[in-house]
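K.L.:
Build me a model:
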Amino acid sequence: MKGGAKLSRNVWITSATSFLTDVSSEMVTNLLPLFLANVIGVGTATIGLIEGVAESTASLAKVASGALSDRFRARKSLAVAGYALSAVAKPFFYIATTWPVVAGVRWVDRVGKGIRTAPRDALLADSTTPAQRGLAFGLHRAADTGGAVVGLLVAIFIVSWVQSGAVDLQGATFRTLVLVSLLPAFVGVAVLAIGAREIRPRGLAPQRRRWGIGGLGRRFGFFLFAAAVFDLGNSSDAFMILRAQERGLSVVGILWTLLGFNVVYTLVSTPAGALSDRLRRKTVLLAGWIFYAAIYLGLAMAESSVHVVVLFILYGAYYGLVAGSGKALIADLVEPARWGTAYGIYHGVLGFTNLPASLVAGVLWQGVGPWTGFGPRAPFVFGAAMALIAVILLALLVSDEFPADEGTVA
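P.N.:
Okay, here's the model as predicted:
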């Protein structure tokens, strides 16, 4: 089963939902740090706190929903509930005038993402065989980022129409984007609820005592450790947006840059995922992490907005390399009946590390209290160093993967 036409219906439905959700999300979330900085007037340390807590808040939901999807042998209902919660939260951005309100809405949105992520990924794994799993996850990520491209094009049009080439984001512009984003968000929920088919995971439902990492194997534990180290230096992409603005890029310029990033991400994701079906997935992942380190070092040394633009667009290739191959690797390392738990723990651990990662980035940049920061270069130097440490750990600790199953396809 090598052709995209032979992929399961669930792969196409979940991809369509992710496409529509990202059309909605990319209109708003990419400009959220600029809304906080330019309209509400908060500093980078607070932005880092909001982003970090948002992901960490979602982490508990990721772990719990993944385990529940294994325990009750159901993926679709939890995924639909998560998408619905994020959609319901989004209108409240329109009335937010203080950073605690923005933070609350952002956190609820991330909890929705936490509820849906692990069951959705497990549903994708249930719906594919090992020989096409990288392709399926790569296609899903391509659809996700394709939605980002469309969302950013809409955002560019609205920003250009409302405030033209202004460097700072205006409140009226942001609120217009929030209103427009609502339709694709709710349509995406409907597509998944109506179109996806529930698939019972293969094997026996895991017992309560084996919900933890201990029941998922040493290879998964080593991979999780390396990924957590990497993510400690992988602060929110909000800092890349702020770096672009700090180098003099306008709001419209930032949106065009994000568009280029997502185009590259979309183009790389599917072939990179398919490549991981033919090569060792670990090799593809290592290449992505090394490329990430090079890009972060470049961002630290960037002297102009042009440098940031080029590096930000190339950053899409990193995402394309790791998005499908990393998730497919997890399915190779863990037995099918525990995929929900594995994806939940994976996303949960990375979510927990996002809080210190984003806080450290904000403090390194601006400082906190009596401590002076080291400037905008520091977070990117730190991120590159952590990525290189993670590369060594992954290369040494995670053995060559072998498919754990023959897949469950419907």
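
K.L.:
Measure how buried the nearest residue to residue 98 once chain neighbours are set aside is and give me the count.
P.N.:
Leaving out its chain neighbours, the residue that sits closest to residue 98 by C-beta to C-beta, 6 or more residues apart in numbering is residue 40, at 6.7 Å. All C-beta atoms are positioned from the backbone trio N, CA, C, and that covers glycine. Other residues within reach of residue 40, judged by other C-beta atoms under 10 Å, total 16.

K.L.:
and the gap between the nearest residue to residue 170 once chain neighbours are set aside and residue 279?
P.N.:
Using C-beta to C-beta, 6+ apart and skipping the chain neighbours, the partner closest in space to residue 170 is residue 163 (5.0 Å). With distances defined as C-beta to C-beta, to the nearest Å, the gap from residue 163 to residue 279 amounts to 47 Å.

K.L.:
Which of the two has more residues huddled nearby?
P.N.:
Under the criterion of other C-beta under 10 Å, the comparison of residue 163 against residue 279 puts residue 163 first, with 18 against 13.

K.L.:
Report the contact partners of the residue nearest to residue 98.
P.N.:
Residues in contact with residue 40 (C-beta atoms under 8 Å, 6 or more residues apart in numbering) are 97-99, 102.

K.L.:
Of these, keep whichever come out buried.
P.N.:
Among those, the ones that count as buried by 16 or more other C-beta atoms under 10 Å are 99, 102.

K.L.:
Adding secondary structure and pLDDT, write the contacts of residue 40 out as a markdown table.
P.N.:
Shown next, in a markdown table, are the contacts of residue 40 (DSSP: H, G, I helix; E, B strand; the rest coil; pLDDT from 0 to 100):
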| residue | secondary structure | pLDDT |
| --- | --- | --- |
| 97 | coil | 87 |
| 98 | coil | 90 |
| 99 | helix | 90 |
| 102 | helix | 91 |
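
K.L.:
all helices of the stretch 301-410 of the chain, in order?
P.N.:
Counting by DSSP state H, counting those that start in this stretch, the stretch 301-410 of the chain forms helices over residues 305-333, 339-366, 378-397, given from the N-terminal end onward.

K.L.:
Can you add distance to residue 149 and mean pLDDT and give those helices back as TSV?
P.N.:
Listed next are these as TSV, based on distance: least, C-beta to C-beta, whole Å; pLDDT from 0 to 100:
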stretch	distance to residue 149	mean pLDDT
helix 305-333	10	87
helix 339-366	24	82
helix 378-397	25	93
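
K.L.:
need those helices in CSV with mean neighbour count and distance to residue 113, can you?
P.N.:
Supplementary listing: the helices of the stretch 301-410 of the chain in CSV, determined by neighbours: other C-beta atoms under 10 Å; distance: least, C-beta to C-beta, whole Å:
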stretch, mean neighbour count, distance to residue 113
helix 305-333, 23, 15
helix 339-366, 25, 9
helix 378-397, 20, 22
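
K.L.:
Which one, of those, ends up nearest to residue 116?
P.N.:
Residue 116 sits nearest to helix 339-366 of all the helices of the stretch 301-410 of the chain, at 10.3 Å, using C-beta to C-beta.

K.L.:
for that closest one, packing partners?
P.N.:
Helix 339-366 makes packing contacts with helix 44-71, helix 99-126, helix 218-232, helix 238-246, helix 305-333, helix 378-397 when contacts are defined by 3 or more C-beta pairs under 8 Å, 6 or more residues apart in numbering; DSSP states H and E.

K.L.:
Which elements pack onto the last one?
P.N.:
Going back to what we said before, that points to helix 378-397. Counting contacts by 3+ C-beta pairs under 8 Å, 6+ apart, helix 378-397 is packed against helix 218-232, helix 238-246, helix 281-301, helix 339-366.

K.L.:
do you know which of those lies nearest residue 83?
P.N.:
helix 339-366 (15.2 Å).

K.L.:
now the angle between helix 238-246 and that closest one, please.
P.N.:
Relative orientation of helix 339-366 versus helix 238-246 (axes from the mean of the first three to the mean of the last three C-alpha atoms, to 10 degrees): 30 degrees.

K.L.:
and helix 339-366, how far from the chain's centre?
P.N.:
In terms of C-alpha atoms, centre = their mean, to the nearest Å, the centre of helix 339-366 is found 11 Å from the chain centre.

K.L.:
Which phi and psi values does the closest residue to residue 150 other than its chain neighbours adopt?
P.N.:
Closest residue to residue 150 apart from its sequence neighbours, by C-beta to C-beta, 6+ apart: residue 23 at 4.9 Å. Per-residue torsions, residue 23: phi -50, psi -40 (degrees, to the nearest 10).

K.L.:
Residue 23 reaches residue 154, doesn't it?
P.N.:
Yes: under the criterion of C-beta atoms under 8 Å, residue 23 lies in contact with residue 154, with a separation of 7.4 Å.

K.L.:
So those two - more neighbours on which side?
P.N.:
Relative neighbour count places residue 23 above the other of residue 23 and residue 154, with 25 against 19, counting by other C-beta under 10 Å.

K.L.:
Now do the contacts for that one.
P.N.:
With C-beta under 8 Å, 6+ apart as the criterion, the residues that contact residue 23 are 147-148, 150-151, 154, 181, 184.

K.L.:
roughly how far apart are the closest residue in space to residue 75 that isn't next to it in sequence and residue 80?
P.N.:
Nearest residue to residue 75 in three dimensions, chain neighbours excluded: residue 123, at 3.8 Å (C-beta to C-beta, 6+ apart). Taking C-beta to C-beta as the measure, residue 123 and residue 80 are separated by 11 Å.

K.L.:
Of those two, which one has the most company?
P.N.:
Neighbours of residue 123 and residue 80, each counted by other C-beta under 10 Å, are more numerous for residue 123; the result is 30 against 22.

K.L.:
Residue 199 is in contact with the more buried one, correct?
P.N.:
Yes: between residue 123 and residue 199 a contact is recorded at 6.6 Å, counting by C-beta under 8 Å.

K.L.:
Pull up the overlap in contacts between those two.
P.N.:
Between them, residue 123 and residue 199 share the neighbouring residues 10, 75, with contact defined by C-beta under 8 Å, 6+ apart.
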